[in-house]
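Q: 3D, please:
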Amino acid sequence: MREESLTIDVPDKLGEGLISVDAGEALELDVRLESVHEGVLVSGEASTVAKGVCGRCLIDISEPVQVDFQELFAYSSGEAFDFEVHDDHVDLEPLVRDAVVLSLPFQPVCRPDCPGLDPETGERLADLPDREPTKTIDPRWAALAEFPASDDAVGQGSSAENSNAGRAGSPDREE
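A: Take a look at the predicted model:
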């Protein structure tokens, strides 16, 4: 068993989309290598910083990434394995890359309650806390906005149906 702690620079950008780990960013690795019957068991932790933009308001964000990984690197046995021991060495780069990229959020946000952007003006709603949201009416429903709303219309719609329903089952109904 052997334990190693090292800091390396990320050779290539890790991830695509709204957030990623840039090339040249420091990546800290704490790795434990254990010899087992089938090969070398590698377990460890990687930590770095991912940078990108908020998925709602598009401001720049930076968030820490910390991920655990574990994989068995098998000795060559003629069978096809994704991870193999080659000349008593293991290549951790694909393992660490996959673990870091899969831990990145698909839709990162600057804060959990980020209100996003105003759909009409494009301004950040977080910068305008006292602004009332505008209510846009779908043009297909705009003609209904001309009708006045009354309390009578709301209650009356169902009472007409109820009175007809009561008469249908009535035994003294003439036909």
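Q: use CA for all of it now, contacts and neighbours both
A: Will do.
Q: burial count for the nearest residue to residue 19 once chain neighbours are set aside?
A: Once flanking residues are discounted, residue 19 sits nearest to residue 52: 4.0 Å by C-alpha to C-alpha, 6 or more residues apart in numbering. Around residue 52 there are 21 other residues, counting by other C-alpha atoms under 10 Å.
Q: Let me know the average pLDDT across the host helix or strand of residue 52.
A: Counting by DSSP states H and E, the element that carries residue 52 is strand 39-53. The average of the pLDDT scores along strand 39-53 is 94.
Q: and it, which strands flank it?
A: strand 19-20 (antiparallel), strand 26-36 (antiparallel), strand 60-74 (antiparallel) (DSSP bridges).
Q: how distant is the shortest one from the center of its chain?
A: On the basis of C-alpha atoms, centre = their mean, to the nearest Å, strand 19-20 is displaced by 12 Å from the centre of the chain it belongs to.
Q: can you give me the helices for the chain?
A: 93-103, 151-168 (DSSP state H).
Q: I'd like to know the average pLDDT value across the longest one.
A: What helix 151-168 shows for mean pLDDT is 52.
Q: tell me which residues in stretch 19-31 are buried?
A: Residues 19, 20, 21, 22, 25, 26, 27, 28, 29, 31 are the ones in stretch 19-31 that count as buried (16 or more other C-alpha atoms under 10 Å).
Q: can I get those residues in a markdown table with distance to residue 4 and pLDDT?
A: Shown next, in a markdown table, are the buried residues of stretch 19-31 (distance: C-alpha to C-alpha, whole Å; pLDDT from 0 to 100):
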| residue | distance to residue 4 | pLDDT |
| --- | --- | --- |
| 19 | 28 | 95 |
| 20 | 25 | 95 |
| 21 | 22 | 95 |
| 22 | 24 | 94 |
| 25 | 20 | 95 |
| 26 | 16 | 95 |
| 27 | 14 | 95 |
| 28 | 11 | 96 |
| 29 | 8 | 95 |
| 31 | 5 | 94 |
